[in-house]
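Chemist: sequence and predicted structure are below.
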Amino acid sequence: KAGVTQTPRYLIKTRGQQVTLSCSPISGHRSVSWYQQTPGQGLQFLFEYFSETQRNKGNFPGRFSGRQFSNSRSEMNVSTLELGDSALYLCASTKDDLTGWDEQYFGPGTRLTVT
Amino acid sequence: GDSVTQMEGPVTLSEEAFLTINCTYTATGYPSLFWYVQYPGEGLQLLLKATKADDKGSNKGFEATYRKETTSFHLEKGSVQVSDSAVYFCALLSGYSTLTFGKGTMLLVSP
């Protein structure tokens, strides 16, 4: 079965612009989580969506937002980009049938560079 | 809040050497614990997990035991291979699907 896909894989933007990243979860998975990975801060949780609702949110400014569609696909948006937003953005999907913990499957990530 | 501390790398070993990567955590209660591995240019893959105290997770020759008394989850492998070269992350489950990660430890194995 197809894994988690993220598009685009690489992106270069200028400070002040905005960007939208996309994540398609594994078929049948209902939860999508987003993480930011940087050399300095490591992997940090951004937010998690389940059935089109944000269920959990990390400690990031309001410039970072996301949404989930009825087919479980998710997008995250970063407005007014700053140099410090340069990172690898990872998406993970989970089946989440509410019966217990399910493995998170990660996509390959989107490498965002802000210049 | 929850946090995970793991040893800084890189850890450089020769093939067939013994591997230990230390991981300790701070959390409320007894969270599930995980080791993830990231190969160059790829996302994270779950390596092993343990959901309660004294559980031992194992996979592909790697092992880690959930030690409640020392709040630790050290990763070990008896004989590493060049193909094990990657970055290893210790993590705990903080919420429904929220993972709190350590900073990662790069492992470099030479022939």
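Modeler: Okay, I see it. Residues are numbered from 1 along each chain as shown, chains lettered A, B, ... in the order given.

Chemist: residue contacts, residue 16?
Modeler: I'll assume chain A. A:T80, A:L81 (Cβ atoms under 8 Å, 6 or more residues apart in numbering or on different chains). Any C-beta I mention is one placed from the backbone N, CA and C, and that applies to glycine too.

Chemist: let's do chain B instead
Modeler: B:S79, B:V80, B:Q81.

Chemist: separation between A:L88 and B:L44?
Modeler: Distance of A:L88 to B:L44, computed by Cβ to Cβ, to the nearest Å: 11 Å.

Chemist: tell me the pLDDT at residue 97?
Modeler: No chain was given, so I picked chain A. On the pLDDT scale, A:D97 is placed at 64.

Chemist: hmm, no, I was thinking of chain B.
Modeler: So B:S97 comes in at 74 (pLDDT).

Chemist: hang on, the earlier thing: let's have the contacts of B:E16 in JSON lines, adding neighbour count, pLDDT and distance to chain A.
Modeler: Output for the contacts of B:E16, formatted as JSON lines (neighbours: other Cβ atoms under 10 Å in any protein chain shown; pLDDT from 0 to 100; distance: Cβ to the nearest Cβ, whole Å):
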{"residue": "B:S79", "neighbour count": "11", "pLDDT": "96", "distance to chain A": "26"}
{"residue": "B:V80", "neighbour count": "21", "pLDDT": "97", "distance to chain A": "23"}
{"residue": "B:Q81", "neighbour count": "13", "pLDDT": "97", "distance to chain A": "23"}
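
Chemist: find the centremost residue of chain A, please.
Modeler: A:W34 (3.1 Å; Cα atoms, centre = their mean).

Chemist: that one and A:F47 touch, don't they?
Modeler: Yes: counting by Cβ atoms under 8 Å, A:F47 is a contact partner of A:W34 at 5.7 Å.

Chemist: joint contacts of those two?
Modeler: A:G66, A:M76.

Chemist: list the contacts for B:T65?
Modeler: Neighbour list for B:T65: B:A50, B:D54, B:D55, B:K56, B:G57, B:F73, B:H74 [criterion: Cβ under 8 Å, 6+ apart].

Chemist: try it again at 7 Å.
Modeler: By Cβ atoms under 7 Å, 6 or more residues apart in numbering or on different chains, the contact set of B:T65 is B:K56.

Chemist: over to B:F62?
Modeler: B:L47, B:L48, B:L75, B:K77.

Chemist: what pLDDT does the first one get?
Modeler: We have a pLDDT of 96 for B:L47.

Chemist: ok, now the one 10 residues further on?
Modeler: At B:G57 the predicted local distance difference test score is 95.

Chemist: that one touches B:K49, doesn't it?
Modeler: Yes: the criterion here is Cβ atoms under 7 Å, and B:G57 meets it with B:K49 at 5.1 Å.

Chemist: for chain A, which residues are neighbours of chain B?
Modeler: A:31, A:33, A:42-43, A:45, A:48, A:55-56, A:90, A:94, A:96, A:101, A:103-104, A:106-109 (Cβ under 7 Å from any Cβ of the partner chain).

Chemist: bridged to the residue of chain A found nearest chain B, which residues?
Modeler: Residue nearest to chain B within chain A: A:F106 (3.5 Å; Cβ to the nearest Cβ). Residues in a beta bridge with A:F106, per DSSP bridges, are A:A92.

Chemist: ok, now A:Y35?
Modeler: A:F45, A:L90.

Chemist: that one: how many residues sit nearby?
Modeler: By other Cβ atoms under 10 Å in any protein chain shown, the residues close to A:Y35 number 26.
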